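*Asks:* What shape does this take:
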Amino acid sequence: MNNIECVIFDCDGTLVDSEILCNQGLVNVFSRYGAQVTLEECLIKYKGGKMVEILTAICGDYHLSLDLDELEKEYREELRQLFDKHLMPVEGVPQMLEKIRLPVCVASNGPASKMEHTLGLTGLLSRFEGKLFSAFDANCWKPDPGLLAYAAKGMGVNLANCVLVEDSVPGVMAGINAGIPVFHYCRDEHAEPVDHPLVTRFSDMGELIGLLV
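*Replies:* Numbering: from 1, shown residues only. From the prediction side, this is the model:
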């Protein structure tokens, strides 16, 4: 694959193995309010979504009237504690990052402080220092391609010459909407594939270097 100016990575579930923990955090927080949200429900319905929309949807589903700002603070603190105890890099990511020779950055729906925390805990932050782009700063969230345009601009490259590495469907759709090649990291062999000419699905981070050639 020629003329790649930058590889844009998602963070949660792509670089750091946080998806289970993120959704367990939802289960833990909402259980305090009597809502029996299940981990499976969260993984199916909310992966890759915008946090305020996820919290709003769960409150609606379980008929809860809660202050969303306070609820998000509670959730972020629950997540911080879970990450401190359990977070690891996605298998194969450190080795892949040692081999990749292209410019790289991270574009995430999460806040920059969360990226700094998770990448720091997993020993990956030094590879992305100064190259973290948050939807909260861009004021647009995947599947809106604006976040990817914001990241490309921040890296000083042409978005059309970028590729995206992403694990969530909203993220994959952002890449499609931006018109750039997307490498969909998916470990669930039973998951419905995103059938689009721009999308290449893979299940092992060790494969990525070969795909970028």
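*Asks:* Please enumerate the strands of this protein.
*Replies:* For the chain, the strands defined by DSSP state E occupy 6-9, 104-108, 132-134, 162-166, 182-185, 199-202.
*Asks:* pLDDT of the shortest one, averaged?
*Replies:* The one in question is strand 132-134. Average pLDDT, strand 132-134: 98.
*Asks:* Does residue 47 touch residue 13 like I think?
*Replies:* Yes - contact criterion Cβ atoms under 8 Å: residue 47 and residue 13 qualify, at 7.4 Å. Any C-beta I mention is one placed from the backbone N, CA and C, and that applies to glycine too.
*Asks:* Find residues that contact each of those two.
*Replies:* 19, 168 (Cβ atoms under 8 Å, 6 or more residues apart in numbering).
*Asks:* the domain parsing of the chain - what is it?
*Replies:* The chain breaks down into these domains under automatic domain parsing: 6-16+88-212, 19-86.
*Asks:* where does the protein have low pLDDT?
*Replies:* 1-2 (pLDDT under 70).
*Asks:* Check this protein for its longest helix and report it.
*Replies:* Secondary structure of the chain per DSSP state H: the longest helix is helix 68-86.
*Asks:* for that one, packing partners?
*Replies:* Applying 3 or more Cβ pairs under 8 Å, 6 or more residues apart in numbering; DSSP states H and E, we find helix 68-86 packed against helix 19-31, helix 51-61, helix 112-121.
*Asks:* Of all the ones you listed, which one is nearest residue 7?
*Replies:* helix 112-121 (15.4 Å; Cβ to Cβ).
*Asks:* residues contacting the closest residue to residue 90 other than its chain neighbours?
*Replies:* Closest residue in space to residue 90, ignoring its immediate chain neighbours: residue 17 at 4.8 Å, by Cβ to Cβ, 6 or more residues apart in numbering. Residue 17 is in contact with 87-91, counting by Cβ under 8 Å, 6+ apart.
*Asks:* can you do 10 Å?
*Replies:* Residue 17 is in contact with 86-91, 93, 118, 122, 187, counting by Cβ atoms under 10 Å, 6 or more residues apart in numbering.
*Asks:* any idea how far residue 113 is from it?
*Replies:* According to Cβ to Cβ, to the nearest Å, residue 17 stands 19 Å off from residue 113.
*Asks:* Kindly report the same for residue 28.
*Replies:* From residue 28 over to residue 113 the distance is 20 Å, taken as Cβ to Cβ.
*Asks:* try residue 59
*Replies:* To residue 113, residue 59 is 24 Å away according to Cβ to Cβ.
*Asks:* same check, this time on residue 180
*Replies:* For residue 180 relative to residue 113 (Cβ to Cβ), the value is 27 Å.
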